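In: Predicted model and sequence follow; I will ask about them next.
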Amino acid sequence: MADSAQAQKLVYLVTGGCGFLGEHVVRMLLQREPRLGELRVFDRHLGPWLEELKTGPVRVTAIQGDVTEAHEVAAAVAGAHVVIHTAGLVDVFGRASPETIHEVNVQGTRNVIEACVQTGTRFLVYTSSMEVVGPNTKGHPFYRGNEDTLYEAVHRHPYPCSKALAERLVLEANGREVHGGLPLVTCALRPTGIYGEGHQIMRDFYRQGLRLGGWLFRAIPASVEHGRVYVGNVAWMHVLAARELERRAALMGGQVYFCYDGSPYKSYEDFNMEFLGPCGLQLVGARPLLPYWLLVFLAALNALLQWLLRPLVLYAPLLNPYTLAVANTTFTVSTDKAQRHFGYEPLFSWEDSRTRTILWVQAAGSSAQ
Ligand SMILES: NC(=O)C1=CN([C@@H]2O[C@H](COP(=O)(O)OP(=O)(O)OC[C@H]3O[C@@H](n4cnc5c(N)ncnc54)[C@H](O)[C@@H]3O)[C@@H](O)[C@H]2O)C=CC1
Ligand SMILES: C[C@@H](CO)CCC[C@@H](C)[C@H]1CC[C@H]2[C@@H]3[C@H](O)CC4=CC(=O)CC[C@]4(C)[C@H]3CC[C@]12C
């Protein structure tokens, strides 16, 4: 990546490259990174769609592996110039144990950092989350905040705890000497709630609405704003950050960036209706149909049932005390830090993002998978 080697082709590694976000990062790199020579896609579960990418001009190497296995990570990282570490266990429903979430998100990230240090890879972009900041357990609003906004970040749930710990590891690793003597340069991107093609929760809401005869029922007040960002723009921000890390190492190294775009500030449910409405669903109620105390009770009941049934069956409904708190607390960002530091501007307008998502929901909602 030095000036003298402008034409040098680079090796990129994307961990979690077959996930919702990872697939968009992989495709974005192939479309928009002219210096890409080889793209390594590392994931526990490889997607069949990778096969079609192997016929293009860039060498695409699919690596089935587990980030919790240090030797598998080191083998994948060896020889890579840049690592985009997006693999993670995204579970806020109690499907996985807290230990497993920690193992994948924290130990997995530690393994990626150590692999960079051992093998001499210098540039690491980490997919963090807005959840490392909040909403906090006290339900304090975060209104159009930025990276410097003071906020009491208090976590209890395993997922945000793990993302916060992993983010700290990544930031603290900035400047460490890697094999060969040069410093590691790291940064962390914190997307708000991601939506777009491949968003399974959106597809599930659509199917649920179809099962209920085209109706969804409001549970969250329309006044609660929840930050959302289009997956294509999140992918684009990763590609840009990865590209600029060397040239702007002093500025970007060890920094965090919220990741958002021009998507409107709305409640979680009203935002989903931007896509589900044009697909034929209606949201019933200008106000929540159930009082908040009853939702709190139902969420607690779900948590109790999950605990009681765990020896017999996995009961993991969408509603639990954590998801209710997140959906019911205003958390929106407004910042130009990524624009100032590495020139990030959303690649997709809100209109484009909306249209693409609607087309995907329509196709995915009616297909069997
Ligand atoms: N979905 C969202 O709204 C947000 C997600 N994020 C972060 O973005 C990243 C990607 O999330 P999504 O694409 O939504 O999730 P996802 O579940 O679709 O993708 C995660 C990928 O990581 C892979 N993975 C999981 N455990 C692994 C392991 N032990 N070894 C190797 N690969 C493993 C999975 O197979 C999957 O392909 C995560 O780090 C998540 O914390 C951040 C903010 C918002
Ligand atoms: C109370 C229900 C009534 O319809 C709605 C429940 C919706 C929840 C399942 C979602 C509301 C907010 C979502 C989270 C948010 O977008 C931030 C996230 C960031 C991440 O890094 C991972 C995913 C998530 C925690 C996301 C998960 C689903 C919600 C809790």
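Out: Yes, it's here. Ligands and ions are numbered 1, 2, ... in the order given.
In: What residues does the stretch 1-150 of the chain have near ligand 2?
Out: Val90, Val92, Ser129, Glu131 (C-beta under 6 Å from any ligand atom). Every residue, glycine included, has its C-beta placed from N, CA and C.
In: mind checking how far Ala153 is from ligand 1?
Out: 15 Å (C-beta to the nearest ligand atom, to the nearest Å).
In: Nearest to ligand 2: which residue in this structure?
Out: Per C-beta to the nearest ligand atom, Gly193 is where the chain lies closest to ligand 2, at 2.4 Å.
In: Quick one: name the residues of the stretch 51-200 of the chain near ligand 1.
Out: Contact residues (C-beta under 6 Å from any ligand atom) of the stretch 51-200 of the chain with ligand 1: 66-68, 86-90, 104, 108, 127, 129, 163, 191, 193-194.
In: For the residue of the chain found nearest ligand 1, which residues are in contact?
Out: Here the residue of the chain nearest ligand 1 is Gly19; by C-beta to the nearest ligand atom that distance is 2.0 Å. Applying C-beta atoms under 8 Å, 6 or more residues apart in numbering to Gly19 gives the contacts Asp43, Thr86, Ala87, Gly88.
In: quick one: pLDDT of the closest residue to the last one other than its chain neighbours?
Out: Meaning Gly88. Nearest residue to Gly88, sequence neighbours excluded (C-beta to C-beta, 6 or more residues apart in numbering): Asn105, at 5.2 Å. Looking at Asn105, its pLDDT stands at 98.
In: same deal with Arg27?
Out: 98.
In: hmm, back to that, what about the residues of the stretch 1-150 of the chain next to ligand 2, which are in strands?
Out: Judged by DSSP state E, strands contain none of those.
In: which one of the residues you listed sits closest to Ala235?
Out: Ser129 (15.2 Å; C-beta to C-beta).
In: Could I get the contacting residues of that closest one?
Out: Pro160, Lys163, Arg190, Pro191.
In: same check, this time on Gly175
Out: Listed by C-beta under 8 Å, 6+ apart, the contact set of Gly175 reads Pro183, Leu184, Val185, Gly253, Gly254.
In: returning to that earlier point: quick one: the residues of the stretch 1-150 of the chain next to ligand 2 as TSV, columns for pLDDT too.
Out: Formatted as TSV, these follow (pLDDT from 0 to 100):
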residue	pLDDT
Val90	97
Val92	96
Ser129	98
Glu131	95
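In: biggest separation within those residues, which pair?
Out: Val92 and Ser129 (10.5 Å).
In: Could you check how far the residue nearest to Phe20 when sequence neighbours are not counted is from Glu351?
Out: Nearest residue to Phe20 in three dimensions, chain neighbours excluded: Gly198, at 4.4 Å (C-beta to C-beta, 6+ apart). Plainly put, Gly198 is 20 Å away from Glu351 if you go by C-beta to C-beta, to the nearest Å.
In: Then Phe42?
Out: Taken as C-beta to C-beta, the span from Phe42 to Glu351 is 34 Å.
In: With neighbour numbers in mind, choose between those two.
Out: The residue with more neighbours, out of Phe42 and Glu351, is Phe42; 30 against 9, by other C-beta atoms under 10 Å.
In: Tyr257 - that's part of a strand, no?
Out: Yes. Under DSSP: H, G, I helix; E, B strand; the rest coil, Tyr257 falls within a strand.
In: hang on, isn't it packed against Glu147?
Out: Yes. The criterion here is C-beta atoms under 8 Å, and Tyr257 meets it with Glu147 at 6.8 Å.
In: joint contacts of those two?
Out: Thr335, Lys337.
In: higher neighbour count, the two?
Out: Tyr257 (25 against 14).
In: give the contact list for the more buried one.
Out: Glu147, Cys187, Ala188, Leu189, Arg190, Met237, Ala241, Thr335, Lys337, Ala338, His341, Tyr344.
In: just Gly253 next, same as before
Out: Applying C-beta under 8 Å, 6+ apart to Gly253 gives the contacts Asn174, Gly175, Pro183, Val185, Thr186, Cys187, Leu245.
In: how about a cut-off of 6 Å?
Out: Asn174, Val185 (C-beta atoms under 6 Å, 6 or more residues apart in numbering).
In: Make residue 1 into 2 and carry on from there
Out: Got it, first residue is 2 now, which makes that one Gly254.
In: and the contacts of Ser130, which of them are in strands?
Out: Arg191, Pro192.
In: How about the backbone phi and psi for the nearest residue to Leu291 once chain neighbours are set aside?
Out: Excluding its sequence neighbours, the residue lying closest to Leu291 (C-beta to C-beta, 6+ apart) is Ala220, at 6.5 Å. Per-residue torsions, Ala220: phi -120, psi -20 (degrees, to the nearest 10).
In: so where do the helices sit in the chain?
Out: 21-33, 51-54, 71-78, 99-103, 109-120, 159-174, 201-212, 232-245, 250-253, 269-277, 293-310, 322-328, 338-343, 351-367 (DSSP state H).
In: among these, which is the most enclosed?
Out: Most buried of those, by mean neighbour count (mean count of other C-beta atoms under 10 Å): helix 232-245, with a mean of 25.
In: Can you get me a residue count around the residue nearest to Gly89?
Out: 28.
In: again, but for Thr62
Out: 14.
In: List the contacts of Gly80.
Out: So Gly80 contacts Val12 (C-beta under 6 Å, 6+ apart).
In: For the stretch 252-370 of the chain, what lies in contact range of ligand 2?
Out: Tyr269, Glu270, Leu319, Leu320, Thr324, Leu325, Val327, Ala328.
In: Right, I'll call it a day here.
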